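> I'll drop the sequence and a predicted model, then ask my questions.
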Amino acid sequence: MDVASPVRTRTPTYYLDFELEPGASHSQLIPEGWTTFAYTLDGETTFERGPNANPIANHCTVVFDQSHGEAVAFSNRSCQKSRFVLIAGKPIREPVSQWGPFVMTTKEEVEKAMRDFKRGLNGFERAKTWVSEAKKKEMGISA
């Protein structure tokens, strides 16, 4: 679509943000072997998966089985705009170790990330005092 990001990744990835007007549709090609999912943000989006395609509400994740390299087809059949992100990437085939919100490749790395978080180190320096924009709004705090 003639838009390029200044962000460069080590592993080939797509991070595409789609906004669809009512009645709009599109098909996005995904390279063979990539893992692909969508996260719906606003409205309802229908991901075309045969005759039983149903609209997906906002704040839902849709995981695609596309090991053969296909297109993800989608449309907005509603009367309101819809928006979602489509994220795809070439799998890196590394082990995954996860505990709570921490995801690393080994149990030891997860444990170190947890220690760093608790001590406020290595990128977590402001974690204990950080408040999300949604929480600030809820509390009546201006940004």
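Sure, I can see it. Numbers count the residues shown, from 1 in each chain.
> what residues go with each domain of the protein?
Using automatic domain parsing, the domains assigned to the chain come out as 13-89, 97-139.
> would a markdown table of those with mean neighbour count and mean pLDDT be doable?
Every C-beta, even on glycine, is put in place using the N, C-alpha and C of the backbone. Formatted as a markdown table, the domains of the chain follow (neighbours: other CB atoms under 10 Å; pLDDT from 0 to 100):
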| stretch | mean neighbour count | mean pLDDT |
| --- | --- | --- |
| domain 13-89 | 15 | 90 |
| domain 97-139 | 12 | 90 |
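> Just send the ones you listed back as JSON lines, with distance to residue 2 too.
Below are these laid out as JSON lines (distance: least, CB to CB, whole Å):
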{"stretch": "domain 13-89", "distance to residue 2": "13"}
{"stretch": "domain 97-139", "distance to residue 2": "31"}
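> Which one of these lies nearest to residue 7?
In terms of CB to CB, the element of these nearest to residue 7 is domain 13-89, at 8.2 Å.
> And the strands in this protein, which stretches?
With DSSP state E, the ranges of strands along the chain come out as 13-20, 25-29, 35-42, 45-47, 55-56, 61-64, 71-75, 82-89, 97-99, 102-104.
> tell me what the second one is packed against?
The elements that strand 25-29 packs onto, with contact taken as 3 or more CB pairs under 8 Å, 6 or more residues apart in numbering; DSSP states H and E, are strand 13-20, strand 71-75.
> Right, I'll call it a day here.
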